[in-house]
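>>> Build the 3D model from these lines:
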Amino acid sequence: MRSAEPIVWPGGEHDFRLGIGELRAIEQRCDAGCAVVMMRLLGQQWKIDDVVQPLRLGLIGAGMNEKEAQKTLDSALDIASPYALAIPAADVLRRFIMWETDDQPGERQAGAEIRGFESFISNAKWDVNAFRVGSGSDTTQRANGVIEKVTKDTVVTLDDAERDLSRRIVEFQDGIQKAIGIETWKSLAYEFFARWNFHPTHFASGMAPADRSWTQTASCIDPAF
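Take a look at the predicted model:
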(Lines give C-alpha, C1' and ligand atoms only; values in the text may rest on other atoms or scores of the structure.)
Protein backbone atom coordinates (compact mmCIF):
# COMPACT_ATOMS: atom_id res chain seq x y z
CA MET A 1 0.00 0.00 0.00
CA ARG A 2 0.97 3.65 -0.30
CA SER A 3 2.95 5.54 2.30
CA ALA A 4 1.48 8.31 4.46
CA GLU A 5 0.56 11.61 2.79
CA PRO A 6 0.35 15.07 4.38
CA ILE A 7 -3.12 16.61 4.07
CA VAL A 8 -4.39 20.05 5.09
CA TRP A 9 -7.85 19.83 6.67
CA PRO A 10 -9.85 21.63 9.39
CA GLY A 11 -7.73 19.94 12.08
CA GLY A 12 -4.51 21.40 10.67
CA GLU A 13 -1.91 19.62 8.56
CA HIS A 14 -1.32 15.96 9.39
CA ASP A 15 -0.09 12.77 7.81
CA PHE A 16 -2.79 10.29 6.82
CA ARG A 17 -2.47 6.70 5.70
CA LEU A 18 -5.01 3.93 5.15
CA GLY A 19 -3.51 0.46 4.88
CA ILE A 20 -5.47 -2.73 4.34
CA GLY A 21 -6.19 -3.00 8.06
CA GLU A 22 -7.58 0.52 8.28
CA LEU A 23 -9.62 0.08 5.08
CA ARG A 24 -11.17 -3.10 6.45
CA ALA A 25 -11.93 -1.35 9.73
CA ILE A 26 -13.70 1.43 7.82
CA GLU A 27 -15.79 -1.15 5.95
CA GLN A 28 -16.74 -2.90 9.18
CA ARG A 29 -17.65 0.26 11.07
CA CYS A 30 -19.49 1.84 8.14
CA ASP A 31 -21.11 -1.44 7.05
CA ALA A 32 -20.16 -0.79 3.42
CA GLY A 33 -17.23 -1.14 1.04
CA CYS A 34 -14.73 1.72 0.90
CA ALA A 35 -15.82 2.74 -2.60
CA VAL A 36 -19.44 2.88 -1.40
CA VAL A 37 -18.43 5.00 1.61
CA MET A 38 -16.57 7.40 -0.68
CA MET A 39 -19.58 7.62 -3.00
CA ARG A 40 -21.90 8.32 -0.06
CA LEU A 41 -19.58 11.14 1.03
CA LEU A 42 -19.57 12.64 -2.46
CA GLY A 43 -23.30 12.15 -2.92
CA GLN A 44 -24.24 13.77 0.41
CA GLN A 45 -25.75 10.50 1.64
CA TRP A 46 -23.19 9.83 4.35
CA LYS A 47 -23.59 8.57 7.88
CA ILE A 48 -21.53 9.99 10.75
CA ASP A 49 -19.09 7.07 10.70
CA ASP A 50 -18.54 7.60 6.96
CA VAL A 51 -17.08 10.99 7.88
CA VAL A 52 -15.36 10.16 11.16
CA GLN A 53 -13.71 6.80 10.49
CA PRO A 54 -11.58 7.64 7.39
CA LEU A 55 -10.17 10.66 9.23
CA ARG A 56 -9.58 8.96 12.59
CA LEU A 57 -8.18 5.75 11.13
CA GLY A 58 -6.15 7.71 8.59
CA LEU A 59 -4.39 9.53 11.42
CA ILE A 60 -3.80 6.28 13.29
CA GLY A 61 -2.58 4.55 10.14
CA ALA A 62 0.03 7.28 9.70
CA GLY A 63 1.42 6.64 13.19
CA MET A 64 -0.63 8.80 15.56
CA ASN A 65 -1.78 6.99 18.71
CA GLU A 66 -5.52 6.42 19.12
CA LYS A 67 -5.98 8.88 21.98
CA GLU A 68 -4.21 11.69 20.13
CA ALA A 69 -6.09 10.88 16.90
CA GLN A 70 -9.43 11.17 18.68
CA LYS A 71 -8.35 14.44 20.31
CA THR A 72 -7.29 15.83 16.93
CA LEU A 73 -10.60 14.83 15.36
CA ASP A 74 -12.57 16.37 18.24
CA SER A 75 -10.65 19.62 17.79
CA ALA A 76 -11.55 19.64 14.09
CA LEU A 77 -15.21 19.11 14.96
CA ASP A 78 -15.06 22.18 17.21
CA ILE A 79 -14.40 24.41 14.19
CA ALA A 80 -16.02 22.50 11.31
CA SER A 81 -19.28 20.63 10.94
CA PRO A 82 -19.48 16.96 9.92
CA TYR A 83 -20.88 18.22 6.60
CA ALA A 84 -17.69 20.20 5.94
CA LEU A 85 -15.51 17.30 7.08
CA ALA A 86 -17.13 15.02 4.49
CA ILE A 87 -14.91 16.58 1.81
CA PRO A 88 -11.54 15.84 3.44
CA ALA A 89 -12.84 12.41 4.52
CA ALA A 90 -13.56 11.58 0.89
CA ASP A 91 -10.14 12.92 -0.10
CA VAL A 92 -8.40 10.68 2.44
CA LEU A 93 -10.27 7.64 1.14
CA ARG A 94 -9.59 8.54 -2.48
CA ARG A 95 -5.85 8.74 -1.94
CA PHE A 96 -5.66 5.19 -0.63
CA ILE A 97 -8.11 3.35 -2.87
CA MET A 98 -7.57 5.18 -6.18
CA TRP A 99 -4.25 5.93 -7.86
CA GLU A 100 -2.39 5.34 -11.10
CA THR A 101 0.10 2.46 -11.22
CA ASP A 102 2.91 1.92 -13.68
CA ASP A 103 1.70 -1.53 -14.67
CA GLN A 104 -1.72 -0.25 -15.74
CA PRO A 105 -0.98 2.59 -18.18
CA GLY A 106 -4.00 4.05 -19.90
CA GLU A 107 -6.60 2.22 -17.86
CA ARG A 108 -9.21 4.48 -16.40
CA GLN A 109 -8.37 5.06 -12.79
CA ALA A 110 -11.83 4.69 -11.31
CA GLY A 111 -12.45 1.46 -13.18
CA ALA A 112 -9.10 0.00 -12.18
CA GLU A 113 -9.70 0.63 -8.51
CA ILE A 114 -13.36 -0.40 -8.43
CA ARG A 115 -12.36 -3.74 -9.98
CA GLY A 116 -10.08 -4.27 -7.00
CA PHE A 117 -12.90 -4.05 -4.45
CA GLU A 118 -15.89 -6.28 -3.83
CA SER A 119 -18.08 -3.21 -3.39
CA PHE A 120 -18.88 -2.95 -7.11
CA ILE A 121 -22.57 -3.84 -7.39
CA SER A 122 -23.80 -5.14 -10.73
CA ASN A 123 -27.29 -6.15 -9.58
CA ALA A 124 -29.39 -3.68 -7.62
CA LYS A 125 -29.10 -3.95 -3.85
CA TRP A 126 -31.09 -2.10 -1.21
CA ASP A 127 -28.88 0.21 0.87
CA VAL A 128 -30.10 2.72 3.47
CA ASN A 129 -32.94 4.35 1.53
CA ALA A 130 -32.77 3.21 -2.08
CA PHE A 131 -31.75 0.46 -4.46
CA ARG A 132 -28.15 1.03 -5.52
CA VAL A 133 -25.72 -0.27 -8.11
CA GLY A 134 -22.18 0.39 -9.27
CA SER A 135 -20.28 2.22 -6.53
CA GLY A 136 -23.35 2.76 -4.39
CA SER A 137 -25.33 5.11 -6.63
CA ASP A 138 -29.12 5.23 -6.90
CA THR A 139 -28.78 6.17 -10.59
CA THR A 140 -26.87 4.78 -13.55
CA GLN A 141 -25.88 6.23 -16.91
CA ARG A 142 -26.09 4.06 -20.00
CA ALA A 143 -23.84 4.17 -23.05
CA ASN A 144 -26.42 6.26 -24.95
CA GLY A 145 -26.30 8.93 -22.23
CA VAL A 146 -29.66 8.06 -20.67
CA ILE A 147 -29.69 8.41 -16.87
CA GLU A 148 -31.86 5.82 -15.15
CA LYS A 149 -33.19 5.66 -11.61
CA VAL A 150 -32.14 2.36 -10.06
CA THR A 151 -34.93 -0.14 -9.37
CA LYS A 152 -34.85 -3.61 -7.87
CA ASP A 153 -34.39 -5.05 -11.37
CA THR A 154 -31.52 -2.79 -12.50
CA VAL A 155 -28.34 -4.46 -13.75
CA VAL A 156 -25.26 -2.41 -14.72
CA THR A 157 -21.82 -2.87 -16.22
CA LEU A 158 -18.60 -1.37 -14.90
CA ASP A 159 -18.69 1.17 -17.73
CA ASP A 160 -22.20 2.23 -16.67
CA ALA A 161 -20.92 2.71 -13.12
CA GLU A 162 -17.92 4.77 -14.25
CA ARG A 163 -20.07 7.07 -16.38
CA ASP A 164 -22.45 7.61 -13.48
CA LEU A 165 -19.63 8.24 -11.00
CA SER A 166 -18.01 10.85 -13.27
CA ARG A 167 -21.34 12.61 -13.81
CA ARG A 168 -22.18 12.73 -10.10
CA ILE A 169 -18.79 14.14 -9.16
CA VAL A 170 -19.25 16.97 -11.67
CA GLU A 171 -22.73 17.68 -10.31
CA PHE A 172 -21.38 17.69 -6.75
CA GLN A 173 -18.68 20.21 -7.68
CA ASP A 174 -21.12 22.39 -9.61
CA GLY A 175 -23.37 22.54 -6.56
CA ILE A 176 -20.49 23.74 -4.39
CA GLN A 177 -19.51 26.37 -6.96
CA LYS A 178 -23.03 27.80 -7.00
CA ALA A 179 -23.27 27.79 -3.21
CA ILE A 180 -19.93 29.35 -2.28
CA GLY A 181 -18.93 31.27 -5.41
CA ILE A 182 -16.38 30.56 -8.08
CA GLU A 183 -13.42 32.31 -6.38
CA THR A 184 -13.86 30.38 -3.14
CA TRP A 185 -14.29 27.22 -5.18
CA LYS A 186 -11.02 27.86 -7.02
CA SER A 187 -9.21 28.08 -3.71
CA LEU A 188 -10.88 24.92 -2.46
CA ALA A 189 -10.35 23.13 -5.75
CA TYR A 190 -6.67 23.96 -5.86
CA GLU A 191 -5.93 22.92 -2.29
CA PHE A 192 -8.05 19.79 -2.14
CA PHE A 193 -9.72 18.71 -5.35
CA ALA A 194 -7.01 19.49 -7.90
CA ARG A 195 -5.09 16.47 -6.60
CA TRP A 196 -8.08 14.17 -7.04
CA ASN A 197 -7.61 12.03 -10.13
CA PHE A 198 -11.19 11.07 -10.92
CA HIS A 199 -11.08 13.30 -14.00
CA PRO A 200 -8.20 15.81 -14.09
CA THR A 201 -9.84 17.73 -16.94
CA HIS A 202 -12.59 18.87 -14.57
CA PHE A 203 -10.14 21.30 -13.00
CA ALA A 204 -8.84 24.47 -14.60
CA SER A 205 -5.10 24.51 -15.08
CA GLY A 206 -2.84 27.21 -13.77
CA MET A 207 -4.92 28.21 -10.77
CA ALA A 208 -2.81 30.01 -8.22
CA PRO A 209 -3.02 28.78 -4.62
CA ALA A 210 -4.99 31.08 -2.37
CA ASP A 211 -3.81 32.01 1.09
CA ARG A 212 -6.95 30.65 2.70
CA SER A 213 -7.31 28.37 5.70
CA TRP A 214 -9.56 25.32 5.67
CA THR A 215 -11.46 26.85 8.56
CA GLN A 216 -12.61 29.72 6.36
CA THR A 217 -13.55 27.40 3.52
CA ALA A 218 -15.39 24.92 5.74
CA SER A 219 -17.40 27.62 7.47
CA CYS A 220 -18.34 28.99 4.07
CA ILE A 221 -19.59 25.69 2.70
CA ASP A 222 -21.83 24.50 5.49
CA PRO A 223 -24.34 27.36 5.90
CA ALA A 224 -25.05 27.44 2.17
CA PHE A 225 -26.55 23.96 2.03
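>>> tally of neighbours for Asp159?
Asp159 has 14 neighbours, counted by other C-beta atoms under 10 Å. C-beta here means a position set from N, CA and C on the backbone, and glycine is covered the same way.
>>> brain fart, Glu5
Residues lying near Glu5 (other C-beta under 10 Å) number 17.
>>> Check Ile147 too.
The number of residues packed near Ile147 is 12, by other C-beta under 10 Å.
>>> Please verify my assumption that it contacts Arg163.
No: when contacts are counted by C-beta atoms under 8 Å, Ile147 is not listed as touching Arg163 (9.1 Å).
>>> shared neighbours, the two?
Jointly contacting Ile147 and Arg163 under the rule C-beta atoms under 8 Å, 6 or more residues apart in numbering are 140-141.
>>> Okay, buried residues for the strand ranked longest in the chain please.
Longest strand in the chain, counting residues (DSSP state E): strand 121-127. Neighbour counts over strand 121-127 (16 or more other C-beta atoms under 10 Å) mark 121, 124, 127 as buried.
>>> For Ala84, what is the enclosing helix or strand?
helix 82-97 (DSSP states H and E).
>>> by contact count, what packs against that helix?
Counting contacts by 3 or more C-beta pairs under 8 Å, 6 or more residues apart in numbering; DSSP states H and E, helix 82-97 packs against strand 5-9, helix 20-30, helix 34-42, helix 48-61, helix 214-224.
>>> now those as a markdown table including mean pLDDT and distance to Met98?
Output for the helices and strands packed on helix 82-97, formatted as a markdown table (pLDDT from 0 to 100; distance: least, C-beta to C-beta, whole Å):
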| stretch | mean pLDDT | distance to Met98 |
| --- | --- | --- |
| strand 5-9 | 91 | 13 |
| helix 20-30 | 95 | 12 |
| helix 34-42 | 88 | 8 |
| helix 48-61 | 97 | 13 |
| helix 214-224 | 38 | 22 |
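>>> Single out the most deeply packed of the ones you listed.
Highest mean neighbour count among those (mean count of other C-beta atoms under 10 Å): helix 34-42, with a mean of 26.
>>> what angle sits between that one and helix 20-30?
Inter-element angle recorded for helix 34-42 and helix 20-30: 60 degrees (by axes from the mean of the first three to the mean of the last three C-alpha atoms, to 10 degrees).
>>> can you list contacts of helix 34-42?
Applying C-beta under 8 Å, 6+ apart, the external contacts of helix 34-42 come out as 23, 26-27, 30, 32, 46-47, 50-51, 54, 86-87, 89-90, 93-94, 97, 113-114, 117, 119-120, 127, 132, 135-137, 165, 168-169, 172.
>>> Are any of the residues you listed buried, and if so which?
By neighbour count, with 16+ other C-beta under 10 Å, these hold 23, 26-27, 30, 32, 46-47, 50-51, 54, 86-87, 89-90, 93-94, 97, 113-114, 119-120, 127, 132, 135-137, 165, 168-169, 172 as buried.
>>> any idea of the pLDDT on the nearest residue in space to Leu18 that is not next to it in sequence?
Nearest residue to Leu18 in three dimensions, chain neighbours excluded: Phe96, at 3.8 Å (C-beta to C-beta, 6 or more residues apart in numbering). pLDDT recorded at Phe96 is 90.
>>> how much space is there between Phe96 and Gly61?
Here the distance between Phe96 and Gly61 works out to 8 Å (C-beta to C-beta, to the nearest Å).
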